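Visitor: Here is my input; please provide its structure:
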Amino acid sequence: MKQIRDRVAGLDIHRDTVVACARIGSPAGIEVIKESFPTTRAGLAKLASFLSEAGVTTVAMEATG
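Guide: Now for the predicted structure:
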């Protein structure tokens, strides 16, 4: 499969947490980073920082309920 984006993340939204998985591509290889955040205001601010620091440019979300 052809890679079309270098810095992407997927978010799995739950009632109390958001699980983020970032995939960072570079000439050296691919790094995958997973982290969980609470759905509080402070937790969502940390999620935003996590995505920004990783240089994520595209995000996909999944939520049910």
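Visitor: Could you check how far G10 is from D16?
Guide: When distances are taken as CB to CB, to the nearest Å, G10 and D16 turn out to be 18 Å apart. Backbone N, C-alpha and C define where each C-beta goes, glycine included.
Visitor: That should have said T58, apologies.
Guide: 26 Å.
Visitor: out of G10 and D16, which sits in the more crowded spot?
Guide: Set side by side, G10 and D16 show more neighbours around G10, with 15 against 9, by other CB atoms under 10 Å.
Visitor: send the alpha carbons of the helix or strand encompassing that one over as CSV?
Guide: Mapping G10 onto the secondary structure by DSSP states H and E places it in strand 7-13. Listed next in CSV are the C-alpha coordinates belonging to strand 7-13 (Å, rounded to 0.1, in the frame of the first residue of the first chain):
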residue,chain,number,x,y,z
ARG,A,7,2.4,12.1,10.2
VAL,A,8,-1.1,10.7,11.1
ALA,A,9,-3.0,9.8,14.2
GLY,A,10,-6.1,7.7,15.0
LEU,A,11,-8.3,8.5,18.0
ASP,A,12,-10.6,6.0,19.7
ILE,A,13,-13.1,8.0,21.8
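Visitor: Could you list the residues in contact with the very next helix or strand once past it?
Guide: Next in sequence after strand 7-13, counting helices and strands by DSSP H and E, comes strand 17-26. Contacts of strand 17-26 from elsewhere in the structure, counted by CB atoms under 8 Å, 6 or more residues apart in numbering, are 3, 5-12, 30-39, 43-44, 47, 50-51, 54-56.
Visitor: just the buried members of these?
Guide: By neighbour count, with 16 or more other CB atoms under 10 Å, the contacts of strand 17-26 hold V8, A9, L11, F37, L47, F50, L51, A54, V56 as buried.
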